[in-house]
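J.: what shape does this take:
(2 chains)
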Amino acid sequence: MSGKVRARFKLNGEDVTAEMEPNQTLCDYLHDVAEKTGVKKGCDTGECGACTVLMDDKPVTSCLVLAPQVDGREVVTVEGLGTKSRPSPVQWAFVELDAVQCGYCIPGMIVTLSWILEHAPQASDSEVRRLMSGNLCRCTGYLQQVEAVRRAAKRAAAGGAPEPHDIY
Amino acid sequence: MRPFQYLAPFPSFRYLAPKSVGELLDSLEVGGEGSVVIAGGTDLMMALKERTTTPDAVIDISRLGRELGGIRKGGGALRIGALTTFAEIEASQLVDRFAEALKTAAANVGTLQIRNLATIGGNLATASPAGDSAPPLIALGARVKILSRSGERTVPVESFFRGVKKNALLRGEVVAEVALPAREGVSSAWARGAVRNENALSTVSVAVSASIANGRFGESRVALGAVAPTPMLAEKSSKLMTEGDATAEKAEEVAALAAEEARPITDIRASAAYRKRLVFVLTRRLIAGLLSEAGAA
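T.: Numbers count the residues shown, from 1 in each chain, chains lettered A, B, ... in the order given. Here you go, the predicted model:
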């Protein structure tokens, strides 16, 4: 009685046409089927933010989106923000500042903070903290992450995107 | 409450995505009992995962924003489409101007990610006692517009709730819009108690609206959340405040009566006694805020 559903959407800039089971979360679809393994399943209840992706340029918890709801929309995962050889400004700042411990929350953090960098670069530290309250880190804390978006914003204000930079 | 069980994927269902409100109303008419509507999904997805809802069909209305979304002023009312997200409400200048309590509540719902998904229509339809959009809407005298194949009807927000997670929607009906009087000179405010500032359900929430002129309150309304099976209008407190002296003493009296009207239970978030105390403190604080905004105290 279920039956697959066709969805056409953009994933990290590429057009995708997919036949998908409707009874799954977007998080599971992206991670297991589309193999965007940067989309992490943490709590699966919309609290922790590890599964955060941009949907129509807004951070959302993909574990609370029904997979076929992506039809007609544009989705960006952490894979769409930068690469190892060309990290995004926030990714670059994370590496420089060691804003990582176990790493599980980091893709979601990067997605949210990249959105903050683009849409609220002037946000105060407390506003950044408010906006990132949906991304939980259970290892360390949030100091380096806030500092990372601050550093990326300063760089952007000083002269745009950083040079391509091989981080390894 | 049953402990969360990790079960994925959830049971199968038919997925329907009507392309217009007309198609949606047809789907609802045929769908009947076994079908549920998904908008932002923040409540329904959890119900599907927890198996508290096991529908035959899920009707996706999330792409009907052109017909069921948007914030506008029309016919003396501020009209908010059911699919409007809390992020959109938080950012709206019209909401800021005519419904400050709603703006504050919207900015405090869940997290950035949740506010980008969750819709005001969904928040009302879920009918949680702790739903954060209801008290401000009740305080502001909002009505819910309900659509079905047989036409349209509106009900005051306080009458839309029929019990814990029970709403007034009949078979074939869907929430289309909430509308509230767009009046100049009416101030409103919202506050809550919660275990954290962010990413938390409200332990208690309170919304107050009033106009203040010549040392007196005009028509005033006090509404409460998470202290009864449904969000509620505190009728006696609203009556006591309306036409009362715009003073700190009156604020205290109204707040005490609001605490009496509250019918909270003790649960994992707080005891009934603590909730009553919170109603008193928050109500008094909100009215004091309106007074100082009006330069009356």
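J.: what does the helix or strand hosting residue A:152 rub up against?
T.: Taking DSSP states H and E as the criterion, residue A:152 maps to helix A:143-159. Here helix A:143-159 makes contact (C-beta atoms under 8 Å, 6 or more residues apart in numbering or on different chains) with A:89-90, A:92-94, A:96-99, A:109, A:113, A:116-117, A:121-122, A:125, A:128-129, A:132, A:137, A:161-162. Backbone N, C-alpha and C define where each C-beta goes, glycine included.
J.: also near chain B: which of the residues you listed, exactly?
T.: For chain B, the contacts drawn from the contacts of helix A:143-159 by C-beta under 8 Å from any C-beta of the partner chain are residue A:132.
J.: selecting buried members of the contacts of helix A:143-159 in PyMOL, what would you type?
T.: Buried members of the contacts of helix A:143-159, identified by 16 or more other C-beta atoms under 10 Å in any protein chain shown, are gathered into one PyMOL selection as follows:
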select buried, chain A and resi 89+90+92+93+94+96+97+99+109+113+116+117+128+132+137+162
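J.: show me where the stretch 101-250 of chain B has strands.
T.: In chain order, the stretch 101-250 of chain B shows strands spanning B:143-148, B:151-156, B:161-163, B:166-167, B:174-181, B:187-193, B:204-210, B:212-213, B:216-217, B:221-225, B:232-233, with DSSP state E, counting those that start in this stretch as the criterion.
J.: highest mean neighbour count out of those strands?
T.: strand B:204-210 (a mean of 31; mean count of other C-beta atoms under 10 Å in any protein chain shown).
J.: paired strands for that one, with orientation please.
T.: Counting by DSSP bridges, the strands paired with strand B:204-210 are strand B:187-193 (antiparallel), strand B:221-225 (antiparallel).
J.: let me have those in CSV, extended by mean pLDDT and distance to residue B:140.
T.: As requested, the strands paired with strand B:204-210 are exported to CSV (pLDDT from 0 to 100; distance: least, C-beta to C-beta, whole Å):
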stretch, mean pLDDT, distance to residue B:140
strand B:187-193, 97, 6
strand B:221-225, 98, 7
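J.: residue B:199 is nearest to which of those strands?
T.: Proximity to residue B:199, assessed across those by C-beta to C-beta, is greatest for strand B:187-193 (13.1 Å).
J.: starting at the chain centroid, how far to the lowest-mean-pLDDT helix or strand in chain A?
T.: Using mean pLDDT, DSSP states H and E, helix A:143-159 stands out as the lowest-scoring helix or strand of chain A, at a mean of 91. Relative to the centre of its chain, helix A:143-159 is centred 17 Å away, using C-alpha atoms, centre = their mean, to the nearest Å.
J.: one more: stretch B:164-184?
T.: Relative to the mean C-alpha coordinate of its chain, stretch B:164-184 is positioned 10 Å out (C-alpha atoms, centre = their mean).
J.: any idea of the mean pLDDT in that stretch?
T.: Taken as a whole, stretch B:164-184 has an average pLDDT of 96.
J.: could I get the contacting residues of residue A:51?
T.: Applying C-beta under 8 Å, 6+ apart, we find residue A:51 in contact with A:27, A:39, A:40, A:41, A:42, A:44, A:61, A:62, A:63, A:108.
J.: again, only this time at 10 Å
T.: Residues touching residue A:51, when contacts are defined by C-beta atoms under 10 Å, 6 or more residues apart in numbering or on different chains, comprise A:25-28, A:30-31, A:38-44, A:60-65, A:77, A:107-108, A:111, B:113.
J.: ok, it to residue A:11 distance?
T.: Using C-beta to C-beta, to the nearest Å, one gets 15 Å for the distance from residue A:51 to residue A:11.
J.: check residue A:68 too.
T.: In this structure, residue A:68 lies at 14 Å from residue A:11, with C-beta to C-beta as the measure.
J.: now do residue B:220
T.: When distance is defined by C-beta to C-beta, residue B:220 is 51 Å away from residue A:11.
J.: of the two, who's got more company?
T.: Neighbours around residue B:220 and residue A:11, counted as other C-beta atoms under 10 Å in any protein chain shown, are more numerous at residue B:220. The numbers are 27 against 20.
J.: leaving out sequence neighbours, find the closest residue to the closest residue to chain A within the stretch 151-297 of chain B.
T.: Closest approach between the stretch 151-297 of chain B and chain A, counting by C-beta to the nearest C-beta: residue B:198, at 3.4 Å. Nearest residue to residue B:198 in three dimensions, chain neighbours excluded: residue A:133, at 3.4 Å (C-beta to C-beta, 6 or more residues apart in numbering or on different chains).
J.: you'd agree that neighbour is up against residue A:116?
T.: No - with contact defined as C-beta atoms under 10 Å, residue A:133 does not reach residue A:116; the gap is 11.7 Å.
J.: joint contacts of these two?
T.: residue B:112.
J.: in chain B, which residue sits nearest chain A?
T.: Using C-beta to the nearest C-beta, residue B:111 is the residue of chain B that sits closest to chain A, at 2.7 Å.
J.: next, count neighbours for that residue.
T.: 25.
J.: let me see the contact set for it.
T.: Residue B:111 is in contact with A:46-49, A:52, A:59, A:61, A:112, A:130-136, B:198-200, counting by C-beta under 10 Å, 6+ apart.
J.: could you report the pLDDT at the residue nearest to it when sequence neighbours are not counted?
T.: Among residues not flanking residue B:111 along the chain, residue A:134 sits closest, at 2.7 Å (C-beta to C-beta, 6+ apart). According to the model's per-residue confidence, residue A:134 sits at a pLDDT of 97.
J.: so what does residue A:134 look like in phi/psi?
T.: Listed backbone geometry of residue A:134 is phi -90, psi 10, with angles given as degrees, to the nearest 10.
J.: I'd say it and residue A:63 touch.
T.: No - between residue A:134 and residue A:63 there is no contact under C-beta under 10 Å: 11.8 Å.
J.: neighbour count for these two, which is higher?
T.: Legend: neighbour count by other C-beta under 10 Å for residue A:134 and residue A:63, higher for residue A:63 (29 against 25).
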